[in-house]
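Q: Okay, here's the prediction I keep looking at, along with the sequence it came from:
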Amino acid sequence: SQTIHQWPATLVQPVGSPLSLECTVEGTSNPNLYWYRQAAGRGLQLLFYSVGIGQISSEVPQNLSASRPQDRQFILSSKKLLLSDSGFYLCAWRNGLAGELFFGEGSRLTVL
Amino acid sequence: TQLLEQSPQFLSIQEGENLTVYCNSSSVFSSLQWYRQEPGEGPVLLVTVVTGGEVKKLKRLTFQFGDARKDSSLHITAAQPGDTGLYLCADDYGQNFVFGPGTRLSVLP
């Protein structure tokens, strides 16, 4: 069966520090991968999606970046965090361009 | 740019009551999905509707898709505390997904 895992689950970082959130998927090949951010109690904002290794599409210009170094690995990064980067970050995957999105457990980031 | 609106934003009810939440789009849905998210977790798919006028039932949950495919409703009968969560509608159009802001439901015992 397929599984998706994110880490770390919780992160507290000072303003200006770097960020790296990692997401891995197991049990499937060539998934479409997504990074979403969710403000407290609100809907999901799509940040990045990837349809293959090294292929990244950005939906919102900001100080975040994403990379896909391996087929089932998706990384969200920042060189210098801002206060506004705080939130709940969710990684998701699915096969193809239709069907259910499967989400990871989420990573809660607090920037102080 | 497509905009999804959900109402109400918050809803607090007693166990056993019925409720309806709504999702409206500024444009026709490609494929509408409803998700439920519990605190500290990722959303989980409840249903996908594609055809205008479609009605789907999932135990005590009834989903309706408008004839014009621009709106949808989720009706819960005899709500239970386990129904508590954030209900999100989303439009699935190919590589992208657009999510609504959600309705936060609290069912009190």
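A: Thanks, I have it.
Q: partners of the helix or strand harbouring residue B:91 in the sheet?
A: Assessed by DSSP states H and E, residue B:91 sits inside strand B:85-93. Sheet pairing for strand B:85-93, assigned by DSSP bridges, gives strand B:32-37 (antiparallel), strand B:96-99 (antiparallel), strand B:103-108 (antiparallel).
Q: could you redo these as JSON lines and give each row mean neighbour count?
A: The C-beta positions use only the backbone N, C-alpha and C, and glycine is treated the same way. Formatted as JSON lines, those follow (neighbours: other C-beta atoms under 10 Å in any protein chain shown):
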{"stretch": "strand B:32-37", "mean neighbour count": "23"}
{"stretch": "strand B:96-99", "mean neighbour count": "20"}
{"stretch": "strand B:103-108", "mean neighbour count": "18"}
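Q: Dump these to CSV, plus mean pLDDT.
A: Shown next, in CSV, are these (pLDDT from 0 to 100):
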stretch, mean pLDDT
strand B:32-37, 95
strand B:96-99, 83
strand B:103-108, 96
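Q: quick one: which of these is nearest residue A:57?
A: Among those, strand B:96-99 comes nearest to residue A:57, with 8.6 Å by C-beta to C-beta.
Q: can you put the strands paired with strand B:85-93 in a markdown table and add distance to residue A:15?
A: Listed next are those as a markdown table, based on distance: least, C-beta to C-beta, whole Å:
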| stretch | distance to residue A:15 |
| --- | --- |
| strand B:32-37 | 28 |
| strand B:96-99 | 28 |
| strand B:103-108 | 29 |
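Q: List the contacts of the residue in chain A that chain B sits nearest to.
A: When scored by C-beta to the nearest C-beta, chain A has residue A:103 as its residue closest to chain B, at 2.7 Å. Residue A:103 sits next to A:4, A:90, A:91, A:92, B:41, B:42, B:43, B:44 when contact means C-beta atoms under 8 Å, 6 or more residues apart in numbering or on different chains.
Q: try residue A:13
A: Counting by C-beta under 8 Å, 6+ apart, residue A:13 touches A:19, A:81, A:109, A:110, A:111, A:112.
Q: Nice, that's everything, thank you.
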